[in-house]
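Peer 1: sequence-free structure coming up:
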């Protein structure tokens with residue numbers, strides 16, 4: 001499966017949320033059919049025609065655009081569908097820009113998945129972020145999307161203004177109850193050119209630390225996946241534009257944020273097993289892990305391994321290569337003489 005990404009920054013958005021400067025995030029400035037064609041052309045040489053392929057509009061609120069502009073933007077994508085290069089389209093929008101008329105238009109142009117920038121389902125947090133709608137708009141939009149037969153994706157954030165960990169946990173519970181097909185999890189960053197940048201500069205907003213953002217994102221990831229909801233991304237795409245000098249003013253950014261979350265989950269899962277082996281009298285602990293996952297297991301700068309070594313001391317802890325491609329196990333035994 002290949003995804004052809006098409007960026008339409010800030011297009012269709014009725015206003016700017018305090019954390020958003022989509023032009024900085026995407027780097028693409030104009031929403032037009034020509035801009036769409038240019039982006040598609042950059043990817044076509046790498047894409048083999050397949051019904052599993054997908055064109056994906058990112059950024060902005062697609063359904064907030066005038067209907068004639070939506071139709072114009074769909075034209076290059078309609079050709080991909082007609083030629084068999086792709087089999088479906090996905091796009092992102094706001095929950096308060098969804099109604100029957102808009103969804104009928106999407107149906108006519110091969111859209112199968114609609115992702116919504118939900119961020120939070122706490123009305124106080126939504127107000128602090130100046131989202132311009134309440135959580136009820138999300139519930140109504142999800143119901144209508146399902147009525148029209150769309151696959152639904154929810155985009156959620158950690159570290160928003162006024163968002164406690166308790167608020168995040170409640171949002172995850174509510175998101176699970178909506179039964180979306182998929183979700184994305186993003187840590188809030190302070191981006192230049194946003195109202196949040198001014199709040200940070202004045203000291204009225206403090207972003208999450210990297211450790212706190214990883215912990216909260218790991219919680220969200222575990223709860224969503226346990227509920228059968230596929231998490232298709234954790235963390236912002238570390239592209240050239242976002243990572244340009246000065247764009248990120250503050251916040252828990254890491255180019256491999258998703259890997260940090262997976263590493264944290266491994267630590268949570270495996271530590272009780274290590275402790276059980278220690279309690280049973282093991283005089284060595286050995287983690288068996290595929291080579292390609294060892295960095296994940298070890299943690300950032302060997303943080304997981306160091307914590308396990310501290311917990312087990314003076315019992316030695318080691319990581320060895322596993323025979324099975326995806327198997328990570330922990331065992332204890334008698335240390336070599």
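Peer 2: Happy to help now that I have it. Note that the structure is predicted; figures quoted are calculated from it, not measured.
Peer 1: look up phi and psi at residue 187.
Peer 2: Dihedral pair for residue 187: phi -80, psi 140, per degrees, to the nearest 10.
Peer 1: give me the mean pLDDT for stretch 313-323.
Peer 2: Stretch 313-323 comes out with an average pLDDT of 91.
Peer 1: how about stretch 201-215?
Peer 2: Mean pLDDT, computed over stretch 201-215, is 97.
Peer 1: check contacts around the residue lying closest to residue 248 once chain neighbours are set aside.
Peer 2: In this structure, residue 248 finds its nearest non-sequential neighbour in residue 189, 5.5 Å apart by Cβ to Cβ, 6 or more residues apart in numbering. Glycine gets a C-beta too; all of them are placed from N, C-alpha and C. By Cβ atoms under 8 Å, 6 or more residues apart in numbering, the residues touching residue 189 are 19, 207, 236, 248, 250-253.
Peer 1: just residue 115 next, same as before
Peer 2: Residues in contact with residue 115 (Cβ under 8 Å, 6+ apart) are 90-93, 152-155, 182, 184.
Peer 1: share the number of residues neighbouring residue 84, please.
Peer 2: Residues within reach of residue 84, counting by other Cβ atoms under 10 Å, total 11.
Peer 1: so who does it touch?
Peer 2: Listed by Cβ under 8 Å, 6+ apart, the contact set of residue 84 reads 49, 51.
Peer 1: now swap in the one 5 residues further on and tell me
Peer 2: By Cβ under 8 Å, 6+ apart, the contact list for residue 89 reads 54-57, 74, 77, 81, 109-113.
Peer 1: got any ranges where the stretch 201-337 of the chain has weak pLDDT?
Peer 2: 238-243, 325, 334-337 (pLDDT under 70).
Peer 1: swap the cut-off to 50 and go again
Peer 2: Flagging of the stretch 201-337 of the chain using pLDDT under 50 yields the residue ranges 337.
Peer 1: how about the helices in the stretch 201-337 of the chain?
Peer 2: 210-226, 257-279, 294-298, 303-312 (DSSP state H, counting those that start in this stretch).
Peer 1: which one of those helices lies nearest to residue 324?
Peer 2: Smallest distance to residue 324 across the helices of the stretch 201-337 of the chain (Cβ to Cβ): 13.8 Å, for helix 294-298.
Peer 1: pull the residues that contact the closest one.
Peer 2: 259, 262-263, 266, 287, 289, 304-305, 319, 321, 328.
Peer 1: which parts of the stretch 101-250 of the chain are strands?
Peer 2: For the stretch 101-250 of the chain, strands defined by DSSP state E, counting those that start in this stretch occupy the ranges 111-119, 151-158, 182-187, 190-191, 230-234, 248-250.
Peer 1: how about those in a markdown table, adding distance to residue 222?
Peer 2: Below are these laid out as a markdown table (distance: least, Cβ to Cβ, whole Å):
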| stretch | distance to residue 222 |
| --- | --- |
| strand 111-119 | 19 |
| strand 151-158 | 13 |
| strand 182-187 | 11 |
| strand 190-191 | 27 |
| strand 230-234 | 9 |
| strand 248-250 | 27 |
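Peer 1: chain neighbours aside, what residue packs nearest to residue 264?
Peer 2: Nearest to residue 264 is residue 218, by Cβ to Cβ, 6+ apart, at 4.5 Å.
Peer 1: what count of nearby residues applies to the one you found?
Peer 2: Neighbour tally, residue 218, other Cβ under 10 Å: 22.
Peer 1: how many residues are close by the residue nearest to residue 318 when sequence neighbours are not counted?
Peer 2: Using Cβ to Cβ, 6+ apart and skipping residues adjacent in sequence, the residue nearest residue 318 is residue 286, 5.4 Å away. Using other Cβ under 10 Å, residue 286 has 18 other residues around it.
Peer 1: contact partners for residue 286?
Peer 2: 317-320, 330-333.
Peer 1: from those, which would you call buried?
Peer 2: Neighbour counting over those (16 or more other Cβ atoms under 10 Å) leaves 317, 319, 330, 332 as the buried ones.
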